[in-house]
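A.B. asks: using only what follows, build the 3D model:
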Amino acid sequence: MAAGAAQGIVHAALPLGAHLVSDRAGYSHHGIHVGGGRVVHYAGLCASLHRGPIEEVTLERFAAGHAVRIVPHPHAAYAGHAAVLRARSRLGENHYRLLTNNCEHFCTWCVEGTGHSEQVRTCVMHPRTALRFALSLCRALIVARRAGGRCAAAAIAAA
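C.D. replies: Coordinates of the predicted model:
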């Protein structure tokens, strides 16, 4: 599914409580669709070069110019409105930790009831992947700093 109204996202086609993912340079960003073209996500290092809280943003801002897809959860403990309530219950939380409480942990907690991250698991199991991820993150932070502290993903898209 393409990101941005100009690229054809139909907000009505996104199920309420859907776990969304947007692949970026070297990592994936995750959020929960809460309806009306809005997404709750862990801003992480997005708002500035400092950790950001869980916030509700437009789908376009979440996508930052990248494609968006839905992560299937066939055995979800929470779906639809229940997943939305869980996501919104943590709005404002500011305890982002890359390895233990990131945007993917948040989304799996909203839908499955427990937080985990395949990205983190992959990095731990495959050191080369972890090194590539770390280099991508450093590049993103450098680009963000040059862009005046904007979201690293948005800064990369603009570069």
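A.B. asks: over to V34: give its phi and psi.
C.D. replies: phi -110, psi 10 (degrees, to the nearest 10).
A.B. asks: which ones are touching the nearest residue to it once chain neighbours are set aside?
C.D. replies: Excluding its sequence neighbours, the residue lying closest to V34 (CB to CB, 6 or more residues apart in numbering) is V84, at 4.7 Å. C-betas here are computed from N, CA, C, even on glycine. Contacts for V84 (CB atoms under 8 Å, 6 or more residues apart in numbering) come out as L16, G17, I32, V34, G35, V40.
A.B. asks: how near is the third one to A76?
C.D. replies: The reference is to I32. Look at I32 and A76: by CB to CB, to the nearest Å, they are 12 Å apart.
A.B. asks: all helices for the chain, in order.
C.D. replies: Listed in chain order, the helices of the chain (DSSP state H) span residues 59-63, 81-89, 103-112, 118-125, 127-146, 152-158.
A.B. asks: the first one - contacts with which helices or strands?
C.D. replies: If you count contacts as 3 or more CB pairs under 8 Å, 6 or more residues apart in numbering; DSSP states H and E, helix 59-63 packs onto strand 19-23, strand 28-35, strand 38-44.
A.B. asks: how far off strand 28-35 does the last one point, in degrees?
C.D. replies: With axes from the mean of the first three to the mean of the last three CA atoms, to 10 degrees applied, the angle from strand 38-44 to strand 28-35 works out at 150 degrees.
A.B. asks: is R86 in contact with Y78, as I believe?
C.D. replies: Yes: counting by CB atoms under 8 Å, R86 touches Y78, with 5.7 Å between them.
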